[in-house]
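Undergrad: Give me a model of this one.
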Amino acid sequence: QVLLVESGGGLVQAGGSLRLSCAASGRTFSDYVMGWFRQVPGKDREFVAAISRTGTITNYADSVKRRFTISRDNDKNTVYLEMSSLKPEDTAVYYCAADIGSTVTIKTGGDYWGQGTQVTVSS
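TA: Predicted coordinates for the structure are as follows:
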């Protein structure tokens with residue numbers, strides 16, 4: 001079992017920045033690929049970004065490329081999502097996920113999920 005706890009969400013103006021954190025516990029953090037997803041009411045959860053076990057490989061959704069950066073600190077058992085140039089359409093609940101697979105397979109969903117943190121971008 002992997003426990004994931006997100007933090008860092010909040011209200012920000014369009015064009016602003018925010019950093020999300022996801023702290024993991026329970027199993028060896030570096031055994032897992034990590035990802036971020038987001039969901040708005042009435043829509044499916046969508047993939048945002050993923051990072052490999054060592055942090056050397058990253059994947060991003062086209063909608064966030066060059067604006068969001070995923071990173072991880074295996075010593076702190078934490079994955080981050082640095083978001084900049086935020087747009088109102090980035091408003092969503094953001095979830096982190098852990099997956100035993102790859103940065104490709106995690107795009108369809110993770111093995112473990114956090115509870116989510118709300119990000120609201122005002123225009």
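Undergrad: can we go C-alpha only for contacts and neighbour counts from here?
TA: Noted.
Undergrad: how about the CA coordinates for stretch 36-44, as PDB?
TA: Provided in PDB are the C-alpha atoms of stretch 36-44 (Å, rounded to 0.1, in the frame of the first residue of the first chain):
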ATOM      1  CA  TRP A  36      -0.200  14.000 -11.800                       C
ATOM      2  CA  PHE A  37      -3.800  14.000 -13.100                       C
ATOM      3  CA  ARG A  38      -6.600  16.400 -12.900                       C
ATOM      4  CA  GLN A  39     -10.400  16.300 -13.000                       C
ATOM      5  CA  VAL A  40     -13.200  18.800 -13.300                       C
ATOM      6  CA  PRO A  41     -16.800  18.000 -12.400                       C
ATOM      7  CA  GLY A  42     -18.600  16.100 -15.100                       C
ATOM      8  CA  LYS A  43     -15.400  15.100 -16.900                       C
ATOM      9  CA  ASP A  44     -13.100  12.200 -16.800                       C
END
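Undergrad: and the residue nearest the centre of the chain, backbone torsions?
TA: Taking CA atoms, centre = their mean, the centroid of the chain lies closest to residue 36, which sits 2.3 Å from it. Torsion angles at residue 36 (phi, psi; degrees, to the nearest 10) stand at phi -120, psi 140.
Undergrad: What sits closest to it if chain neighbours are left out?
TA: Excluding the flanking residues, the one nearest residue 36 by CA to CA, 6 or more residues apart in numbering is residue 96, at 4.4 Å.
Undergrad: burial count for the one you found?
TA: Residue 96 sits with 31 neighbouring residues when counted by other CA atoms under 10 Å.
Undergrad: before we move on, which element is it in?
TA: Here residue 96, judged by DSSP states H and E, is contained in strand 92-99.
Undergrad: Can you list the strands that the helix or strand immediately after that strand in the chain pairs with?
TA: Per DSSP H and E, the first helix or strand lying C-terminal to strand 92-99 is strand 112-113. Strand 112-113 sits in its sheet next to strand 92-99 (antiparallel), going by DSSP bridges.
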